[in-house]
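Asks: Give me the fold of what follows.
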Amino acid sequence: MEELRKKTTFSEADKEIFFSKAIKAGKRIYYFDVKKSKKDEMFLAITESKKIVSGEGSTPQVNFEKHKIFLYKEDFEKFMNGLKEAIGYIEQEQGPIAGETHIGDTKVLSKSALPADPNEIKIDIDF
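Replies: Coordinates of the predicted model:
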């Protein structure tokens, strides 16, 4: 006789989250969830959730499109190195974001964002 497998519901799967961090970024939310595998080893689940609104009028349909990446401990260093290299390339090609750049784990202000004289106060006002 074939053994019936119990399907895990979404709420049951969420009980296995040991740490969670959500980052809101425009229409997207990024979730960093630490979970445990069946072998009792922790891994990182990265989820991108994007709100999709379709339909018009008084009954718009709201759905969430989700993409997941599962990252295991033995791959952390390679993943971080690749991520840093890709971010570095983008910053090199398109410049730092809002007057800042990153070197390793350190945020550094670009020269244009710093005053020439340390005693100088720099104020930008747009009308």
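Asks: switch to C-alpha atoms for all contacts and neighbour counts from now on
Replies: OK.
Asks: now the strands for the protein?
Replies: When assigned using DSSP state E, the strands of the chain occupy the ranges 17-25, 28-36, 42-54, 61-72, 100-103, 106-109.
Asks: Out of those, which one sits most buried?
Replies: Ranked by mean neighbour count, these are led by strand 28-36 with a mean of 18 (mean count of other C-alpha atoms under 10 Å).
Asks: Tell me the strands beside that strand, with direction?
Replies: Sheet pairing of strand 28-36 (DSSP bridges) gives strand 17-25 (antiparallel), strand 42-54 (antiparallel).
Asks: Grab the longest helix from the protein for me.
Replies: When the chain is parsed with DSSP state H, its longest helix is helix 76-94.
Asks: Let me know the angle separating that helix from strand 42-54.
Replies: Relative orientation of helix 76-94 versus strand 42-54 (axes from the mean of the first three to the mean of the last three C-alpha atoms, to 10 degrees): 40 degrees.
Asks: Show the average pLDDT along helix 76-94.
Replies: For helix 76-94, mean pLDDT is 94.
Asks: And the pLDDT for Asp14?
Replies: pLDDT, Asp14: 54.
Asks: what's Phe79 in contact with, if anything?
Replies: Contact analysis of Phe79 by C-alpha atoms under 8 Å, 6 or more residues apart in numbering lists nothing.
Asks: sorry, back to before: so can I have JSON lines of the strands paired with strand 28-36 showing distance to Asn81 and mean pLDDT?
Replies: Converted to JSON lines, those look like this (distance: least, C-alpha to C-alpha, whole Å; pLDDT from 0 to 100):
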{"stretch": "strand 17-25", "distance to Asn81": "21", "mean pLDDT": "94"}
{"stretch": "strand 42-54", "distance to Asn81": "16", "mean pLDDT": "93"}
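Asks: can you tell which of those is closest to Gln92?
Replies: Closest to Gln92 of the strands paired with strand 28-36 is strand 17-25 (C-alpha to C-alpha; 22.6 Å).
Asks: got the contact list for the closest one?
Replies: Contacts of strand 17-25 (C-alpha under 8 Å, 6+ apart): 29-36.
Asks: again, only using 10 Å
Replies: 29-36, 42, 44-50 (C-alpha atoms under 10 Å, 6 or more residues apart in numbering).
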